[in-house]
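**Student:** Need coordinates for the below:
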Amino acid sequence: KKEELEAKSASELKDLCASRSLKIGTGKEDRVERLVEDAKARGEMDTVVAGMLRDARRDELLRLEKGPLLDVCRASGADELVQEVMVERLLAHEDEAGETEMEPPTKKMRTSKK
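**Tutor:** Just a heads-up that it's a prediction; the model follows:
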């Protein structure tokens, strides 16, 4: 978050400070620090960190082979056979294999109600 703010111009930082009712300050560093502190107080930093941790866990789980992944599911009590996931996987497989050549439904003509 801090690097993202440091990449902004001084006038953009001034506008951000003003929109959040923070002291505008004189230097870019002051504005960045105020905005970072405000983000921490609002819980925005926690959201960013939680997203990063979730992405890392997702990558870790995607690297697992099928057997160990099933073991993790069973140990956590998660249902390894979720219907929505299976449907999405089947549709993706059919798309890749070219097995779905259905025509889109045709639109019905409008009729006037006079």
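
**Student:** Go through the helix or strand harbouring residue 30 and flag the buried ones.
**Tutor:** Element membership of residue 30 [criterion: DSSP states H and E] is helix 28-42. For helix 28-42, a neighbour-count test (16 or more other CB atoms under 10 Å) marks 28, 31-32, 34-36, 39 as buried. Bear in mind the C-beta positions are built from the backbone N, C-alpha and C, glycine included.

**Student:** Who are the packing partners of that helix?
**Tutor:** helix 2-6, helix 10-19 (3 or more CB pairs under 8 Å, 6 or more residues apart in numbering; DSSP states H and E).

**Student:** Highest mean neighbour count out of these?
**Tutor:** With neighbours defined as mean count of other CB atoms under 10 Å, the helices and strands packed on helix 28-42 peak in mean count at helix 10-19, which reaches a mean of 14.

**Student:** tell me the mean pLDDT for it?
**Tutor:** The pLDDT scores in helix 10-19 average 87.

**Student:** Run the chain-centre distance for that helix.
**Tutor:** Helix 10-19 sits 26 Å away from the centroid of its parent chain (CA atoms, centre = their mean, to the nearest Å).

**Student:** so that helix versus helix 28-42, what angle?
**Tutor:** 40 degrees (axes from the mean of the first three to the mean of the last three CA atoms, to 10 degrees).

**Student:** Run through the neighbouring helices and strands of helix 10-19.
**Tutor:** helix 28-42.

**Student:** got the CA coordinates for the helix it packs on in CSV?
**Tutor:** Extracted in CSV, the C-alpha atoms of helix 28-42 (Å, rounded to 0.1, in the frame of the first residue of the first chain):
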residue,chain,number,x,y,z
LYS,A,28,4.8,14.0,-0.1
GLU,A,29,6.3,11.8,2.6
ASP,A,30,4.0,13.4,5.2
ARG,A,31,1.0,12.7,3.0
VAL,A,32,2.0,9.1,2.4
GLU,A,33,2.5,8.5,6.1
ARG,A,34,-0.9,10.0,7.0
LEU,A,35,-2.6,8.0,4.3
VAL,A,36,-0.9,4.8,5.5
GLU,A,37,-1.9,5.4,9.1
ASP,A,38,-5.5,6.1,8.0
ALA,A,39,-5.5,2.9,6.0
LYS,A,40,-4.3,1.0,9.1
ALA,A,41,-7.0,2.6,11.2
ARG,A,42,-9.7,1.8,8.7
